[in-house]
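*Asks:* Make a model of this:
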Amino acid sequence: MVFAISAKCCPCKPCCKWSNMEVTAWALDASARGAMVISGIFLGVALLRTAKISVGCDVSCEGSDCPDPAPELGDCNEKVFGFKPSSLLAVMGMVVGILAAITMPVIGAIVDHTNYRWKIGAISALGLVLINFVQSFLSQSTWALVAFLQIAAPYIYLVHCVVQYAYLPELTSDKNELSDITAQCNMWQFLTQVGYIIVVQIFAISMGTGAVGTARISQILLVGWSAFFFYVPWAEMFGHRPALSSVPDGETLLSVGFSRIRKTVQEMRTEYNAVFVCLCAVAFSEAGANAFTTIAVSYCDEVLQMSATETSGLILICLVVAVPSSIVFSNLTKRIGAHKSFMLSLAWWAIVTLVAPLFMNGPTHKANGYVFGIFWGMGFGWIYPTQRALYCLLIPGGQESELMGIYIFAGQILVWMPPAIFTLLNEASVSMAWGLASDACFFLVALGIAYSMGDFELAMMKAKATLGKRVMGAGADGALGGANEGLTDFEMPGKDQMTV
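*Replies:* Next up is the predicted model:
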């Protein structure tokens with residue numbers, strides 16, 4: 001049954017060539033998550049609009065009746081939940097970031113010290129589908145409920161990522177193959193997002209919907225898309241894993257995660273300092289990159305006064321550019337190494353984000369937004385696969401689940417900070433240009449930290465010496481192509497095991 005479904009249903013031809021079926025599962029799951037991110041953008045634009053309307057603020061016109069050029073909107077100083085409506089998305093992102101920073105060690109401990117890895121992945125996927133179904137009923141009367149769920153959904157999304165990322169270093173032991181896997185799965189995710197935006201826009205334009213109607217369409221499509229692309233990998237491809245270790249005496253699942261982080265960080269600083277440095281750099285780079293979408297959507301709505309269609313058009317440009325960029329920069333990473341490539345990607349993000357507000361400071365500069373969409377798209381296609389490949393090359397074998405949990409934790413521990421800074425500046429009526437530019441500071445700090453790593457090649461060789469302790473996915477040591485053999489290393493989930 002496993003082979004039949006993967007042969008018939010796998011649409012990711014670049015990833016289906018891998019002999020390890022879990023690589024294909026990783027790509028399919030990434031497709032569902034990618035569509036979820038894009039739907040969140042449509043939802044964010046609609047929430048900003050409904051929040052403004054709820055307190056009587058002016059909103060931009062929608063549809064063919066809009067004058068050209070559209071009149072500039074006045075400042076909205078009314079409050080919703082104690083904040084300006086334009087701060088809504090940033091506040092929501094800040095809350096999710098704080099919750100994640102507090103609880104991710106516990107989730108990581110459960111994944112590491114129990115055999116529930118697969119079950120948590122499957123349950124979190126189901127939860128995301130159900131929440132997005134409820135959010136498809138967005139209206140002016142339900143926007144507050146949808147906004148609350150838009151805090152719960154990203155949090156569950158992060159829980160799901162903890163599980164999925166635990167599989168990543170187990171997909172292959174070859175560094176070049178790992179670079180190919182991360183780049184091609186990243187490309188597959190971006191291709192999904194491009195197609196998803198196009199389909200949503202076709203429906204929205206043909207039906208003449210505004211921001212709220214477009215968000216509803218997006219949510220309805222997302223439910224079907226994510227249900228399929230979550231079901232296939234989790235029902236048929238991802239394997240179960242045993243507990244990597246038992247809970248130490250005197251510890252519980254609630255405490256062991258935090259104590260293990262403290263001990264592991266100390267161990268990494270002593271034995272694998274490059275891993276510690278990489279985690280510190282990731283903390284700042286992920287904070288900047290994860291917050292960018294939230295800040296950019298607010299900026300486009302408030303400063304450039306873009307409609308939902310225009311904002312999604314800018315995001316579409318980012319994604320279209322990100323697809324080939326993943327391949328181009330994967331080749332660059334192979335030539336110069338993951339460490340140098342990661343530092344260059346950080347420098348790129350910092351420069352582009354610092355310069356952007358100078359050329360995007362009003363509704364008359366919407367066209368410049370699309371130009372910078374190209375530059376940001378290159379950054380998205382560059383930073384994520386390079387960063388993941390760098391970390392996987394540095395971590396020692398036998399601690400993958402734990403260290404990938406810490407990787408997610410590091411990526412979330414500061415993610416609340418850029419939205420918090422943006423919110424403080426916005427609430428103080430400081431120009432949003434400074435709010436956008438402030439995001440670049442996180443990439444600059446990450447660049448300085450990454451530069452201090454030292455000898456990357458030596459650190460990579462030290463990690464390579466421990467790969468004998470790594471539990472690899474079935475077929476991970478095989479070359480490209482070939483049959484899926486050796487699937488007896490751990491139990492593969494079938495349909496009957498989807499009852500969790």
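*Asks:* Nearest residue to residue 330 in space, ignoring adjacent ones along the chain?
*Replies:* Of all residues beyond its chain neighbours, the one nearest residue 330 is residue 183 (3.5 Å), with distances taken as Cβ to Cβ, 6 or more residues apart in numbering. Glycine gets a C-beta too; all of them are placed from N, C-alpha and C.
*Asks:* Which residues are in contact with that neighbour?
*Replies:* Residues near residue 183 by Cβ atoms under 8 Å, 6 or more residues apart in numbering: 326, 327, 329, 330, 333, 385, 389.
*Asks:* rerun that using 10 Å as the cut-off
*Replies:* 14, 325-331, 333-334, 381-382, 384-386, 388-389 (Cβ atoms under 10 Å, 6 or more residues apart in numbering).
*Asks:* and if you look at residue 152?
*Replies:* With contact taken as Cβ under 10 Å, 6+ apart, residue 152 is in contact with 96, 99, 127, 128, 131, 134.
*Asks:* I'd like the next helix or strand past the stretch of helix or strand it belongs to.
*Replies:* Using DSSP states H and E, residue 152 sits within helix 143-167. Next in sequence after helix 143-167, counting helices and strands by DSSP H and E, comes helix 175-207.
*Asks:* what's the next secondary structure element after that next one?
*Replies:* Criterion used, DSSP H and E; the element after helix 175-207 is helix 211-236.
*Asks:* so after that next one, what's the next helix or strand?
*Replies:* From helix 211-236, the next helix or strand downstream (DSSP H and E) is helix 253-271.
*Asks:* Check the gap between residue 298 and residue 304 for me.
*Replies:* Distance from residue 298 to residue 304, counting by Cβ to Cβ, to the nearest Å: 11 Å.
*Asks:* tell me which residues in stretch 148-165 are buried?
*Replies:* 149-150, 153-165 (16 or more other Cβ atoms under 10 Å).
*Asks:* and if you look at stretch 106-121?
*Replies:* Of the residues in stretch 106-121, those buried (16+ other Cβ under 10 Å) are 106-114, 116-121.
*Asks:* what residues are up against residue 207?
*Replies:* So residue 207 contacts 213, 214, 217 (Cβ under 10 Å, 6+ apart).
*Asks:* Who wins on neighbours among the residues you listed?
*Replies:* The member of the contacts of residue 207 that has the most neighbours, counting by other Cβ atoms under 10 Å, is residue 214 with 25 neighbours.
*Asks:* What is the least confident helix or strand in this protein?
*Replies:* helix 2-9 (a mean of 38; mean pLDDT, DSSP states H and E).
*Asks:* Please identify which of residue 298 and residue 304 sits among more neighbours.
*Replies:* residue 298 (27 against 22).
*Asks:* Please provide the alpha-carbon coordinates for stretch 128-142, formatted as PDB.
*Replies:* Taking C-alpha atoms only, stretch 128-142 is exported to PDB below (Å, rounded to 0.1, in the frame of the first residue of the first chain):
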ATOM      1  CA  LEU A 128      -4.400  22.600  11.600                       C
ATOM      2  CA  VAL A 129      -6.900  21.400   9.000                       C
ATOM      3  CA  LEU A 130      -9.800  21.700  11.500                       C
ATOM      4  CA  ILE A 131      -8.900  25.200  12.600                       C
ATOM      5  CA  ASN A 132      -8.500  26.500   9.100                       C
ATOM      6  CA  PHE A 133     -12.000  25.000   8.300                       C
ATOM      7  CA  VAL A 134     -13.500  27.100  11.100                       C
ATOM      8  CA  GLN A 135     -11.600  30.200   9.900                       C
ATOM      9  CA  SER A 136     -13.300  29.900   6.500                       C
ATOM     10  CA  PHE A 137     -16.400  31.400   8.100                       C
ATOM     11  CA  LEU A 138     -14.600  34.800   8.500                       C
ATOM     12  CA  SER A 139     -17.000  37.800   8.500                       C
ATOM     13  CA  GLN A 140     -17.300  41.200  10.100                       C
ATOM     14  CA  SER A 141     -19.200  39.500  13.000                       C
ATOM     15  CA  THR A 142     -16.700  36.600  13.500                       C
END
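*Asks:* Identify the residue nearest residue 242 in space, chain neighbours excluded?
*Replies:* Using Cβ to Cβ, 6+ apart, the closest residue to residue 242 is residue 115 (5.3 Å).
*Asks:* my guess is the one you found meets residue 246, correct?
*Replies:* No: Residue 115 is not in contact with residue 246 according to Cβ atoms under 10 Å; the separation is 11.2 Å.
*Asks:* rewinding a little: what's the overlap in contacts for residue 298 and residue 304?
*Replies:* residue 432.
*Asks:* Helices along the stretch 301-450 of the chain, start to end?
*Replies:* Remark: helices assigned in the stretch 301-450 of the chain by DSSP state H, counting those that start in this stretch are 308-336, 338-359, 366-394, 400-413, 417-427, 432-438, 440-451.
*Asks:* Quick one: closest of these to residue 49.
*Replies:* helix 308-336 (8.0 Å; Cβ to Cβ).
*Asks:* elements contacting that closest one?
*Replies:* In terms of contacts (3 or more Cβ pairs under 10 Å, 6 or more residues apart in numbering; DSSP states H and E), helix 308-336 is packed against helix 21-54, helix 175-207, helix 211-236, helix 273-302, helix 338-359, helix 366-394.
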